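Undergrad: Structure for this input, please:
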Amino acid sequence: METSKNEAIEVINTPIQKEWINPNEVHQEFGFSVSTLAKWRMKNLHLKYSKMGKYIKYKRSDIVAFLEAHTIEAVA
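TA: Sure thing, here's the model as predicted:
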């Protein structure tokens, strides 16, 4: 019984990450400036996005995939 209680507390304390985030949240979490994101949207570059009415949203997994695809390994 104690194990399930600990697991429940762990789930409650785990931060919930939204899958779709706006440009300000992208800036806060990943460091891309809001103006860079706007320029990329105008030129249709790099990151996929969705427009829901007047709101722009980016899928977190697309941002992570972009970063992983553009990782440069250091050569010794």
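Undergrad: any chance you could map the strands in this protein?
TA: Along the chain, counting by DSSP state E, strands occupy 20-21, 50-52, 55-59.
Undergrad: May I have the strands that pair with the second one, each with its orientation?
TA: The sheet places strand 50-52 alongside strand 55-59 (antiparallel), with pairing taken from DSSP bridges.
Undergrad: got the buried residues for the strand it pairs with?
TA: Residues of strand 55-59 classed as buried by neighbour count (16 or more other C-beta atoms under 10 Å): 56-59. Where C-beta positions appear, they are placed from N, C-alpha and C, glycine not excepted.
Undergrad: Need the max-distance pair from these.
TA: Pairwise distances across the buried residues of strand 55-59 peak at 11.6 Å for I56 and K59 (criterion: C-beta to C-beta).
Undergrad: joint contacts of these two?
TA: S50 (C-beta atoms under 8 Å, 6 or more residues apart in numbering).
Undergrad: give the contact list for K51.
TA: Here K51 is in contact with K57 (C-beta under 8 Å, 6+ apart).
Undergrad: Would you mind measuring from it to F32?
TA: 17 Å (C-beta to C-beta, to the nearest Å).
Undergrad: same deal with I56?
TA: In terms of C-beta to C-beta, I56 sits 13 Å off from F32.
Undergrad: Please apply the same query to A74.
TA: A74 is 22 Å from F32, by C-beta to C-beta.
Undergrad: Repeat that for E19.
TA: From E19 over to F32 (counting by C-beta to C-beta), the distance is 17 Å.
Undergrad: Neighbour count for those two, which is higher?
TA: Using other C-beta atoms under 10 Å as the criterion, E19 and F32 rank with F32 on top: 19 against 10.
Undergrad: where does the protein dip in pLDDT?
TA: Scanning the chain with the threshold set as pLDDT under 70 gives 1-16.
Undergrad: can we see that at 50?
TA: The chain contains residues with pLDDT under 50 at 1.
Undergrad: ok, now which ones touch the residue nearest to the spatial centre of it?
TA: By C-alpha atoms, centre = their mean, the chain has its centre lying nearest to R60, at 3.0 Å. Contacts of R60 were listed using C-beta under 8 Å, 6+ apart, and they are 17-21.
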